[in-house]
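S.K.: Let me see the structure of the following:
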Amino acid sequence: MQNYDVIVVGAGLIGAACADALTRRGLRVLVLERGMAGGGTTAAGMGHLVVMDSPPAEFALTAYSLEVWREIVPHLPEDGEDDPCGTLWVAEDEDEMAHAKGQARSFATRAVRAELLDARGLSQLEPSLRTGFVGGLFLPDDRVIYPPAVTRFFLQRAIRHGAQVRERVEVRSIESTRPGCMAVHTATGRIGTGQVVNAAGAFAPALTPGLPIEPRKGHLVITDRYPGLVRHQMVELGYVKSAHAGSGASVAMNIQPRRTGQILIGSSREYVGWDSSINREVRGRMLARAAHYVPALRELSAIRTWIGFRPSTADKLPLIGEWEPGLTIAAGHEGLGITTASGTAALIADLLTGATPAIDPVPYHPRREMPHDA
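M.R.: Residues are numbered from 1 along each chain as shown. Below is the predicted model of the structure:
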């Protein structure tokens, strides 16, 4: 028997945002989560909301998502920890500064606020940085949130609109029973629905064989409380090259201030399957890279290290759209899942209700051709 219009599998930030968007369109939604809501990749990541200038499809989705986030953040509870701190992209040399200037021109043509900084402006904006950097690019409209709390916010709002949320329910399979009818099988039985949204992140291929998603391991370290030491989200301009690196382990400076006064330090990436052990060599490289930019980090007390698994695709774009009739995918967002959760949810709601999407969904289609040498 069909009990729901849509079953969303996965209650990370993306699944929760999808549930919220769908219920606000009047659909009957059930959310199934194998663990605790917001407890997987969502809890393991940074809460950076950032607009990226390239490639075009990445810019379109991140810029649109930030527009949607700006409508959401005034309604977030205090534990959502919204911080409009902006993003400071740091240029270590003239080559990186040339890249920053190109980004600034690109953002200017797209009506995104971005401020080029020389060495003096950089140090004035972020005194924690060591001297010697040539400049940077400041995006004042980027921000930081606390993803687990925002996930709860989306789910609570969805529940108020009639959704049901079930945690600690492992989905074992998804099948089409007949045209217009889908079934989700769990340990306790079969649940009927009209549509399924697979938002299970790096686990999505286990439920939808053939999805081009691989887990990509990353480390994060958080410090004790040092209020005011770091003022902005800081990222090195070589970060994108690191994020798009091939199979080897890569690290890049990514430092985030938290509303608690703590400092979150990243980031690393490596393809090692589901190996959840801490790679001390990679973590050491990551921390050394961060201290290269902010020397004071060497004197701070780190209180915890953890790892997470980003759902990675070969072309670094997410999978959003219909995989087969009745089954829609919202996964594969790699390191931009927090940023793009809002835009992804809006696209999913548009696609499932027949509305015209605000941006072209074609670049994110889950059956698009993938590069073979990525």
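S.K.: so what does whichever strand or helix holds H185 touch, helix or strand wise?
M.R.: For H185, the element it lies in under DSSP states H and E is strand 181-186. The contact analysis (3 or more CB pairs under 8 Å, 6 or more residues apart in numbering; DSSP states H and E) places strand 181-186 against strand 2-9, strand 171-178, strand 189-198. C-beta here means a position set from N, CA and C on the backbone, and glycine is covered the same way.
S.K.: okay, those, which one's buried deepest?
M.R.: When the helices and strands packed on strand 181-186 are scored by mean count of other CB atoms under 10 Å, the highest mean neighbour count falls to strand 2-9 (a mean of 22).
S.K.: okay, now the domains of this structure?
M.R.: Annotated domains of the chain cover 2-48+147-211+315-364, 84-141+214-312 [automatic domain parsing].
S.K.: Correct me if wrong, but A345 is in a strand.
M.R.: No: according to DSSP: H, G, I helix; E, B strand; the rest coil, A345 belongs to no strand; its state is helix.
S.K.: Show me the helices in the stretch 201-350 of the chain, by range?
M.R.: 204-207, 239-243, 280-293, 337-353 (DSSP state H, counting those that start in this stretch).
S.K.: Confidence-wise, which of the ones you listed is weakest overall?
M.R.: Set side by side, the helices of the stretch 201-350 of the chain give their lowest mean pLDDT on helix 239-243, at a mean of 65.
S.K.: picking up where we left off before, name the surrounding residues that touch the strand holding H185.
M.R.: 2, 7, 9, 32, 169-177, 190-196, 326-327 (CB atoms under 8 Å, 6 or more residues apart in numbering).
S.K.: could you redo the last one with a cut-off of 6 Å?
M.R.: Residues outside strand 181-186 that contact it (CB atoms under 6 Å, 6 or more residues apart in numbering) are 2, 7, 169, 171-177, 190-193, 196, 326.
S.K.: ok, back up a step: of the helices and strands packed on strand 181-186, which is nearest G343?
M.R.: In terms of CB to CB, the element of these nearest to G343 is strand 189-198, at 14.9 Å.
S.K.: hmm, back to that, now the domains of the chain in CSV, with distance to P56?
M.R.: CSV is the format used below for those (distance: least, CB to CB, whole Å):
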stretch, distance to P56
domain 2-48+147-211+315-364, 8
domain 84-141+214-312, 10
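S.K.: so where's the stretch 101-250 of the chain uncertain?
M.R.: Along the stretch 101-250 of the chain, the model assigns pLDDT under 70 to residues 240-247.
S.K.: separation between the closest residue to P84 other than its chain neighbours and C85?
M.R.: Leaving aside its sequence neighbours, P84 sits nearest to R143 (CB to CB, 6 or more residues apart in numbering; 4.6 Å). The spacing between R143 and C85, counted by CB to CB, to the nearest Å, is 6 Å.
S.K.: coming back round to it: among the helices of the stretch 201-350 of the chain, which comes closest to G261?
M.R.: helix 280-293 (17.3 Å).
S.K.: Which positions within that closest one qualify as buried?
M.R.: Neighbour-count burial for helix 280-293, with 16 or more other CB atoms under 10 Å as criterion, is recorded at 282-283, 285-287, 289-291, 293.
S.K.: hmm, who's touching it?
M.R.: 219, 249, 251, 253, 255, 265, 268, 297-298.
S.K.: can we see that at 8 Å?
M.R.: Here helix 280-293 makes contact (CB under 8 Å, 6+ apart) with 90, 129-130, 133, 219, 221, 234, 236, 249, 251-255, 265-268, 270, 297-298, 302, 305.
S.K.: From these, list the buried ones, please.
M.R.: Listed as buried from those are 90, 129, 133, 219, 221, 234, 236, 249, 251-255, 265-268, 270, 297; burial here means 16+ other CB under 10 Å.
S.K.: I'd like to know which of those residues are part of strands.
M.R.: Members of these lying in strands (criterion: DSSP state E): 90, 219, 221, 234, 236, 251-255, 265-268.
S.K.: Could you work out the most separated pair of those?
M.R.: Greatest spacing in these, by CB to CB: V90 and H219 (20.4 Å).
S.K.: so what's the residue positioned nearest the centre of the chain closest to, chain neighbours aside?
M.R.: Nearest to the mean C-alpha position of the chain, by CA atoms, centre = their mean, lies G337 at 1.9 Å. Leaving aside its sequence neighbours, G337 sits nearest to I14 (CB to CB, 6+ apart; 5.8 Å).
S.K.: With V50 instead?
M.R.: D142 (4.8 Å).
S.K.: Wait, that neighbour touches W69, no?
M.R.: No: using CB atoms under 8 Å, D142 makes no contact with W69, being 9.9 Å away.
S.K.: Could you tell me which residues touch both of the two?
M.R.: By CB under 8 Å, 6+ apart, D142 and W69 have these common neighbours: L49.
S.K.: These two: which is more packed in?
M.R.: More crowded of D142 and W69, by other CB atoms under 10 Å: D142, with 26 against 23.
S.K.: Can you report phi and psi for the more buried one?
M.R.: Backbone torsions for D142, taken as degrees, to the nearest 10, come to phi -70, psi 160.
S.K.: Relative to V184, how far out is it?
M.R.: 37 Å.
S.K.: One more: W323?
M.R.: Separation of W323 from V184 (CB to CB) stands at 14 Å.
S.K.: about what we covered before: show me the contacts for the residue nearest to V50.
M.R.: When contacts are counted by CB under 8 Å, 6+ apart, D142 touches 48-51, 66, 85-87, 233.
S.K.: Which of the residues you listed fall in strands?
M.R.: Checking the contacts of D142 against DSSP E, those in strands are 48-49, 87, 233.
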